[in-house]
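Any chance you could fold what I've pasted below:
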Amino acid sequence: MSDPLFDRFGREFEAGDVLFNEGESGAVMFVIQTGSVRITKDVAGEQKSLAVLGPGEFVGEMAILNSKPRAATATVVEPTRCLVVEARMLETMVARNGEVALRLIKKLAKRLDSANALIEILMHRDPKARVMLALARHAEAFGEEVDGGIKIRASLEDIALEVNVDDWTVREVIARLKRLRLVTEEQNAMIVSDVGRLQDFLEFLEMPQKFGGES
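Below you'll find the model as predicted:
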């Protein structure tokens, strides 16, 4: 069925296509309709994965709002359809439609919370806790509600790179969470069944440390 909005503003991308690179100037933002886009940032010469965004998410809005260079690189993970919104069009939409403005503000506030959360996660000494906190962060900031929980599009490798943990430790934590039915795996995605239970489990694991014992 024809989609007039996509017919006018839409573009299709293949896996591996780069929407924009860190440091470039930005004149457009992208609204993901289907598929997913990985956001990475250069940190001391290494590409760190910050998020994998799915349908309904904005990508690249900051550069056209603050007129600064792109703060990160956006790479298409799988075949993806996006609406491409130019700066002038975004300004018109925000000025004329309060709902669009409110939605954009909420997204930006959530991104800021997520960035602060990542800083706190990286300061945590326990690598296994960092993995669980990263899962909770992705679920809360970028997750999609699906049957059975919250879908996050980050891979095990994404989580490992994001929180400076080796792949083996990530797999060990995920295996434990799968046994507890807190997490299930899909291709290039995971389902967190209950973020609250995940955080309760983490608090339970940390209790011995708080009282001077070992985890």
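
and the spatially most central residue of the chain, what are its bridge partners?
The residue lying closest to the centre of the chain (CA atoms, centre = their mean) is residue 51, at 3.0 Å. With DSSP bridges as the criterion, residue 51 is bridged to residue 39.

Could you give the separation of the top helix by length along the chain from the chain centroid?
Secondary structure of the chain per DSSP state H: the longest helix is helix 98-122. Here helix 98-122 is found 11 Å from its chain centre; the criterion is CA atoms, centre = their mean, to the nearest Å.

just stretch 173-180 next, same as before
21 Å.

would you put the C-alpha positions of that stretch in CSV?
In CSV, the C-alpha atoms belonging to stretch 173-180 read as follows (Å, rounded to 0.1, in the frame of the first residue of the first chain):
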residue,chain,number,x,y,z
VAL,A,173,25.8,-12.9,32.3
ILE,A,174,23.3,-13.3,29.4
ALA,A,175,23.3,-17.1,29.9
ARG,A,176,22.5,-16.6,33.6
LEU,A,177,19.7,-14.1,32.8
LYS,A,178,18.3,-16.5,30.3
ARG,A,179,18.1,-19.2,32.9
LEU,A,180,16.2,-16.8,35.2
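
tell me the average confidence for that stretch?
Mean pLDDT, stretch 173-180: 93.

same deal with stretch 47-59?
pLDDT averaged over stretch 47-59 gives 87.

circling back: now for the residue nearest to the centre of the chain: which residues touch it?
38-39, 114, 138, 141-142, 154 (CB atoms under 8 Å, 6 or more residues apart in numbering). All C-beta atoms are positioned from the backbone trio N, CA, C, and that covers glycine.

ok, now residue 120?
residue 133.

what are the ranges of the helices in the protein?
Secondary structure of the chain (DSSP H): helices located at 4-9, 61-66, 87-96, 98-122, 127-142, 156-162, 167-179, 195-210.

one step back: can you say which of the contacts of residue 51 are buried?
Buried by 16 or more other CB atoms under 10 Å: 38-39, 114, 138, 141-142, 154, out of those.
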